[in-house]
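Visitor: Here is a sequence together with a model predicted from it:
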Amino acid sequence: MAEHLGDRLARLRRLSDLTQEGLAEHSGVSVDVIRKLEQKRKHSARLPTLHALSRGLGVELTALLGDPPGVPSTGDVDPPQLVAVRRAIMPPLFAPPQEPNGAERLTVPLLRREIAEGWTLYHNAEFGRLMEVLPGIIADARFAAAVGNADEKAAGHAALGKALQLAGHLAIRSGKTDLALSALERAMQAATDSSDPLLPAMVSNSVAWNYQRQNRLDDAERLAVYAADGVEKEHSKSAEGLRVWGGLIMSAATSAARSGDYSKASDMMTAAEDATRRLATLPPPADGKMVSVFNRSSVRIERVRLAVQHARPEEALALAKGMRLSADTPLSWRTWLLLDVARAHADLGNAEGAVKALEKLRQIAPGWMRHHTLAVAIARDLWAGPSHPPGLRKIVEFLGVAG
């Protein structure tokens, strides 16, 4: 079972040679909140609080959050699958590109289909399976970028950029943010040499997310805004360009909100939601899986998330009420919505509403739910409360927190 947030906080505080009062002074978080977390009378904290604590401790945010859904980190050596991904991202020096495996002749369209399937695995939280297939995809893409005429190499670099971007996302989900940055730096180089003018901006969005995970919020916001401005000048009239721009604006809004400027974030999200109306009038992208996730549903889901994280549960539930998700909304985004709705209900003392949301989450993404630290924290909080609605016991037993 995952380490409790309170145990993690106490361990990091002691490593920093700080008392609870000292951490409160360094972070601006009250001693009462720190004490309740460490005594496990409080099982979760909002992201602004976690950011403040991580700054006070001098650690990355991931050190407090624990592992996101993906590959657990135990302190042991990396498993062979992760070693293979790492080797694919950073191949041995001076080694020639590997030729593609299998009898089927490698073509860029085939390679793009493989990468699109990889992104589907990612959004479905099938990280183990993705880790198995991703090294071969990256090797094939690297070979495609090294052979052929100039146009063929440019197309190969576009595929390599998307494959390495996917590797960066997988590394972030595995709690390996430095490995993710290595993958994304290589993805940016491939994108620069590619035939896809929007790919550098898409990779920039991934880098901004990595910066967020490292608590580099100012860096994340500046990068997202800079990339969005470039897309707006050159590509805002196409659906592909608008989707990339929208994804960057949502990223910038998230960073602004986590830095404490909720008003600025809200204005950005309103602008993004306005853009989705224009998106509906444009021809859809030829290959949506290879472009940023941006539609009316994703914007609304992100607005719900920011409201929950900033102690606005009523606003979050009002935004979520009656939401009809578009067919191309990935499973990962649907799971986040249900988790945030559960958190909002729990914050308002509505245990029954929280349990219903968690039950839906278990139905559609049981593996994702079991590994997510926030889902476990919400279940713990509900179990420790005075009301145990029908269904709660099954959830806490499923998550292994009943006791």
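Guide: Okay, I see it.
Visitor: residue farthest from the centroid of this structure?
Guide: Most distant from the centre of the chain: N149, at 36.4 Å, with distances by Cα atoms, centre = their mean.
Visitor: How is P92 assigned, secondary-structure-wise?
Guide: coil (DSSP: H, G, I helix; E, B strand; the rest coil).
Visitor: H388 now?
Guide: Quick answer, by three-state DSSP: H388 is coil.
Visitor: what does V341 give?
Guide: Under three-state DSSP, V341 falls in the helix class.
Visitor: Check the contact between G118 and L130; I expect there is one.
Guide: Yes: with contact defined as Cβ atoms under 8 Å, G118 counts as touching L130 (6.0 Å). In short, each C-beta sits where N, CA and C put it, glycine included.
Visitor: what touches both of these two?
Guide: L166 (Cβ atoms under 8 Å, 6 or more residues apart in numbering).
Visitor: any low-confidence regions in this structure?
Guide: Within the chain, the set of residues satisfying pLDDT under 70 comprises 1-3, 43-44, 47, 60-63, 65-77, 95-106, 285-291, 371, 402-403.
Visitor: What's the separation between A84 and L181?
Guide: 19 Å (Cβ to Cβ, to the nearest Å).
Visitor: can you check F143 too?
Guide: Note on F143: its distance to L181, by Cβ to Cβ, is 24 Å.
Visitor: One more: E232?
Guide: Separation of E232 from L181 (Cβ to Cβ) stands at 26 Å.
Visitor: Who has more neighbours out of the two?
Guide: Taking other Cβ atoms under 10 Å, E232 and L181 do not tie; L181 has more neighbours (19 against 16).
Visitor: Report the separation between the residue farthest from the centre of the chain and P389.
Guide: 64 Å.
Visitor: those strands in the chain, which residues are they?
Guide: Remark: strands of the chain are absent; assignment by DSSP state E.
Visitor: for it, longest helix please?
Guide: helix 150-173 (DSSP state H).
Visitor: packing partners for that helix?
Guide: Counting contacts by 3 or more Cβ pairs under 8 Å, 6 or more residues apart in numbering; DSSP states H and E, helix 150-173 is packed against helix 80-89, helix 108-123, helix 127-144, helix 177-192, helix 199-213.
Visitor: Which residues are in contact with L37?
Guide: Taking Cβ under 8 Å, 6+ apart as the test, what L37 contacts is 5-6, 9, 45.
Visitor: which ones among those residues are found in helices?
Guide: 5-6, 9.
Visitor: For these, which single residue is the most surrounded?
Guide: L5 (25 neighbours).
Visitor: Can you tell me the closest non-neighbouring residue to that residue?
Guide: If the residues on either side of it in the chain are set aside, L5 comes closest to L37, at 6.1 Å by Cβ to Cβ, 6 or more residues apart in numbering.
Visitor: Please tell me how far the residue lying closest to L279 once chain neighbours are set aside sits from L198.
Guide: Nearest in space to L279, with sequence neighbours left out and distances taken as Cβ to Cβ, 6+ apart, is L242 at 5.2 Å. Counting by Cβ to Cβ, the gap between L242 and L198 amounts to 10 Å.
Visitor: do R46 as well
Guide: R46 is 34 Å from L198, by Cβ to Cβ.
Visitor: Tell me which of the two has more neighbours.
Guide: Set R46 next to L198 and count neighbours by other Cβ under 10 Å: L198 wins out with 24 against 15.
Visitor: quick one: contacts for that one?
Guide: 231, 235, 240-241, 244, 291.
Visitor: change it to 7 Å
Guide: Listed by Cβ atoms under 7 Å, 6 or more residues apart in numbering, the contact set of L198 reads 231, 235, 240-241, 244.
Visitor: Relative to L15, which of these is nearest.
Guide: V244 (40.6 Å; Cβ to Cβ).
Visitor: Would you confirm that the closest one contacts A201?
Guide: Yes: the pair V244 / A201 is scored as a contact, 5.1 Å apart, by Cβ atoms under 7 Å.
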